[in-house]
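Chemist: coords please:
(one chain, ligands or ions: 1)
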Amino acid sequence: MEIVLATRNKKKVEEIRRITTDLPVTVLSLDDFPACPVTVEDRDTFEGNAVKKAFEAALYTGKPALADDSGLEVDALGGAPGVYSARYATDAESGNDPKNYIKLLKDLINIPPQERGARFVCCLALAYPDGRTKTFFGYAKGHIGRESRGKKGFGYDPVFYPEGFDRTFAEMTADEKDALSHRGKALEKLAEFLHSFSR
Ligand code: IMP
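Modeler: Numbers count the residues shown, from 1 in each chain. All right, here's what the predicted structure looks like:
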């Protein structure tokens, strides 16, 4: 079976190729379909955006397509920034811009340690050209620190402490983060689903 990954992010393509190496699945990327239009991510849930991206790619290519959407939900902010994580600071130029976590630290300045809970969420959506969809969720629970620590990773990693650890995601190796992360957990569920076809 061929699956199109609805992203131009090379890291995500490599990650999915890695987990599907022993499966009868060929992972194509949007580089194989350069004219595929970019989906407008205008839904107010991770699932809504992931399904929209996957379904538009499935319709365009005529093949099953996979897309993801992710972000950070902070308890003390009622779940914000959520689907707006990449542009939480309105002048942030990308989801990697430190302005986002600097704004978060500022917004939480009066919040005590026991109320700084947060979680990363990842939704992976698999869509077929006939309209069928299947979604897989992964979560990473933890809390937001008072200052940034570490230089690895991206986005909010320097301020996020996964539960049970006194290091941020940005102080961990990629393998350590993958084993704990929302994306890693959603990918495990997808791998289990794809494996069930090859048994
Ligand atoms: P996207 O799903 O790749 O568009 O990610 C949305 C935004 O959420 C990113 O731009 C980051 O700001 C944030 N985000 C998602 N996953 C992570 C993560 O693993 N670490 C840090 N920030 C993340």
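Chemist: which residue is the nearest non-sequential neighbour of the closest residue to the ligand within the chain?
Modeler: The chain approaches the ligand most closely through Gly95 (1.6 Å), counting by Cβ to the nearest ligand atom. All C-beta atoms are positioned from the backbone trio N, CA, C, and that covers glycine. The shortest distance from Gly95 to any non-neighbouring residue, by Cβ to Cβ, 6 or more residues apart in numbering, is to Ala86 (3.4 Å).
Chemist: try Thr173
Modeler: Closest to Thr173 by Cβ to Cβ, 6+ apart is Lys152, at 7.3 Å.
Chemist: count of residues packed around the one you found?
Modeler: Neighbour count of Lys152, defined by other Cβ atoms under 10 Å: 15.
Chemist: now the lowest-mean-pLDDT helix or strand in the chain, how far from the chain's geometric center?
Modeler: Ranking every helix and strand in the chain by mean pLDDT, DSSP states H and E puts helix 10-19 at the bottom, with a mean of 79. Relative to its chain's centre, helix 10-19 lies at 13 Å (Cα atoms, centre = their mean, to the nearest Å).
Chemist: would you mind pulling the contact partners of that helix?
Modeler: Leu5, Thr7, Val27, Ser29, Leu66, Asp68, Arg183, Leu187, Leu190, Ala191 (Cβ atoms under 8 Å, 6 or more residues apart in numbering).
Chemist: now do stretch 145-164: distance to the chain's middle.
Modeler: On Cα atoms, centre = their mean, the centre of stretch 145-164 falls 16 Å from that of its chain.
Chemist: quick one: the helices in this structure, in order.
Modeler: Applying DSSP state H to the chain gives helices spanning 10-19, 46-61, 98-107, 174-180, 182-198.
Chemist: which residues are contacting the shortest one?
Modeler: Translated: helix 174-180. Ala140, Lys152, Gly153, Asp157, Pro162, Phe165, Phe169, Met172, Gly184.
Chemist: any of these buried? List them.
Modeler: Ala140, Gly153, Asp157, Pro162, Phe169, Met172, Gly184 (16 or more other Cβ atoms under 10 Å).
Chemist: how about the second one: what's its closest non-neighbour residue?
Modeler: Nearest-residue entry for Gly153: Ala170, 4.6 Å, with adjacent residues in sequence omitted and distances by Cβ to Cβ, 6+ apart.
Chemist: next: the fourth one.
Modeler: In space, and not counting its chain neighbours, Pro162 is closest to Gly142: 4.3 Å by Cβ to Cβ, 6+ apart.
Chemist: brilliant, that's me finished.
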